[in-house]
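Peer 1: just to be clear, the model below is a prediction. Sequence and coordinates:
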Amino acid sequence: TAKMEELLREMAFGELRLNLQTLETFSKQAIDLIDRNLFERSAAIRWWATDKYLWQALVDPSEENVQMASRRLRDVNGSYSMYRNLVLSNRMGRVVAASNPELIPDMKDARVADHPWFNKSMRCKTFGEYAVQDVGESELERGARRSLIYSGAVRANGARDGEVVGVLGSLFDWVTESGKILKTCLPKDRNGKRIQGCIAFYASRNFEVIETSDAQIVPLGTTPELPPEHRE
């Protein structure tokens with residue numbers, strides 16, 4: 001009986017260890033997918049900021065140039081569904097063009113001079129720099145939806161060392177994209193159904209939940225009560 005109990009105990013520990021390793025694999029997969037996704041966002045914003053139609057609309061903000069910039073932003077956004085909006089502002093922080101102006105509450109008087117993503121990009125010293133505003137609500141979002149905003153400095157003539165004439169911001173649809181990844185990485189049974197009781201979430205550097213697969217159990221904006229070693 002003692003040997004049987006020991007055998008069963010070893011089997012239970014073995015099963016637990018296997019399950020934990022599986023969860024760790026899912027966790028690393030979720031990290032890898034979002035990491036690669038966001039790296040592409042940083043590359044895209046720097047490339048788009050050099051577009052001729054954008055810097056021309058800032059250097060010479062004629063009606064024709066602004067319309068061309070708006071059309072260009074719509075074309076770009078049309079190929080990248082993970083962005084809700086692409087926003088072009090001049091050096092004073094006034095929004096002059098957007099891919100989806102109807103999503104901005106007050107496009108005629110839209111100002112971003114006090115937005116972190118704008119100020120960080122205006123201070124960019126080199127072409128390779130970019131800025132990110134952490135996940136949160138933005139005044140540029142109708143309905144106060146949550147975005148992760150990437151931005152890059154637009155320089156005169158598109159030159160790498162050109163004068164900064166404005167900023168291009170991209171409002172990444174964080175909720176939709178990160179939500180898809182979390183759901184994909186949750187463990188499933190043999191029938192492909194999510195195993196009940198499993199929850200996945202992304203947290204900021206302050207360990208605040210910024211996306212979750214179950215907002216009732218692990219709500220957005222909360223700090224989960226987990227052992228310190230997990231946070232490290």
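Peer 2: Done, it's in. Please read these numbers as outputs of a predicted model, since none were measured by experiment. Numbering: from 1, shown residues only.
Peer 1: show me where the chain has its strands.
Peer 2: Under the criterion DSSP state E, the chain contains strands at 83-90, 95-98, 131-137, 146-155, 164-172, 201-203, 209-212.
Peer 1: what's across from the residue most central in space within the chain in the sheet?
Peer 2: For the chain, the residue nearest the mean C-alpha position is residue 148 (3.9 Å; Cα atoms, centre = their mean). Using DSSP bridges, the bridge partners assigned to residue 148 are residue 172.
Peer 1: correct me, but it touches residue 133?
Peer 2: Yes: between residue 148 and residue 133 there is a contact at 7.3 Å, judged by Cβ atoms under 8 Å. Every residue, glycine included, has its C-beta placed from N, CA and C.
Peer 1: residue contacts, residue 220?
Peer 2: 209-212 (Cβ atoms under 8 Å, 6 or more residues apart in numbering).
Peer 1: for residue 113, same thing?
Peer 2: Residue 113 sits next to 92-94, 119 when contact means Cβ under 8 Å, 6+ apart.
Peer 1: try residue 149
Peer 2: Counted by Cβ under 8 Å, 6+ apart, residue 149 has contacts 115, 117, 132-133, 138, 169-172.
Peer 1: and stretch 76-89, how far from the chain's centre?
Peer 2: Here the centre of mass of C-alpha atoms in stretch 76-89, compared against the chain's by Cα atoms, centre = their mean, to the nearest Å, lies 13 Å away.
Peer 1: can you get me the start-to-end distance on it?
Peer 2: End-to-end span of stretch 76-89 (Cα to Cα, to the nearest Å): 17 Å.
Peer 1: and if you look at stretch 127-143?
Peer 2: Stretch 127-143 has an end-to-end distance of 33 Å (criterion: Cα to Cα).
Peer 1: so for that stretch, what gets flagged as buried?
Peer 2: Neighbour-count burial for stretch 127-143, counted by 16 or more other Cβ atoms under 10 Å, picks out 127, 130-133, 135-136, 138, 140-141.
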